[in-house]
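Participant: Structure for the following, please:
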Amino acid sequence: MLRLMTALLVGFLLWAWLSRQGSQAMVITGVCEIDSECIKWKGENSCCASWNSRQGLGVCKPMGRRGQPCQLVNEMQGHPSDCKRSFWRCPCGPGLQCVYLKKEVPYGLCI
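Facilitator: Numbering: from 1, shown residues only. All right, here's what the predicted structure looks like:
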């Protein structure tokens, strides 16, 4: 009987912990449509980009830093942009540019 009660208590505590962790992980702040919203909320070094590669929800993200992956299409769109970005990365930050290292790869690095 003690073993059963211990197992139930451990199971409940694990469920409670996982429920709390899962709900915190899904909080999304900084939802946006265009760059100017992010600039207003987070400053000049931010843009509005898709949440991830499969979802179109726009969120405020920081501009690319030296050595981070980038996409040339974002660089061509410019910053700030009044159009919705179709990629999940912001353009490279001030003084940096997106450089493709291999033509076969669809991304480069902020250099």
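Participant: tell me which residues of stretch 70-89 are tucked away?
Facilitator: By neighbour count on 16 or more other CB atoms under 10 Å, the buried set for stretch 70-89 is 70-71, 74-75, 77, 79-80, 85, 88-89. (Glycine included, C-beta is placed from N, CA and C.)
Participant: Tabulate those in CSV, adding columns for secondary structure.
Facilitator: Shown next, in CSV, are the buried residues of stretch 70-89 (DSSP: H, G, I helix; E, B strand; the rest coil):
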residue, secondary structure
Cys70, strand
Gln71, coil
Asn74, helix
Glu75, helix
Gln77, helix
His79, coil
Pro80, coil
Arg85, coil
Trp88, coil
Arg89, coil
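Participant: Mind putting those residues into TSV with distance to Ala49 and pLDDT?
Facilitator: Output for the buried residues of stretch 70-89, formatted as TSV (distance: CB to CB, whole Å; pLDDT from 0 to 100):
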residue	distance to Ala49	pLDDT
Cys70	11	91
Gln71	10	86
Asn74	8	73
Glu75	13	73
Gln77	10	79
His79	11	86
Pro80	12	86
Arg85	5	79
Trp88	5	84
Arg89	6	87
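Participant: ok, these vs Gly58, which is closest?
Facilitator: Nearest to Gly58 out of the buried residues of stretch 70-89 is Arg85 (CB to CB; 7.2 Å).
Participant: nearest spatial neighbour of the closest one, skipping sequence neighbours?
Facilitator: With CB to CB, 6 or more residues apart in numbering as the criterion, Arg85 has its nearest non-adjacent residue at 4.9 Å, and that residue is Ala49.
Participant: Surely that neighbour is in a helix?
Facilitator: No - read with three-state DSSP, Ala49 is strand and lies in no helix.
Participant: what pairs with it across the strands?
Facilitator: For Ala49, the beta-bridge partners under DSSP bridges are Val59.
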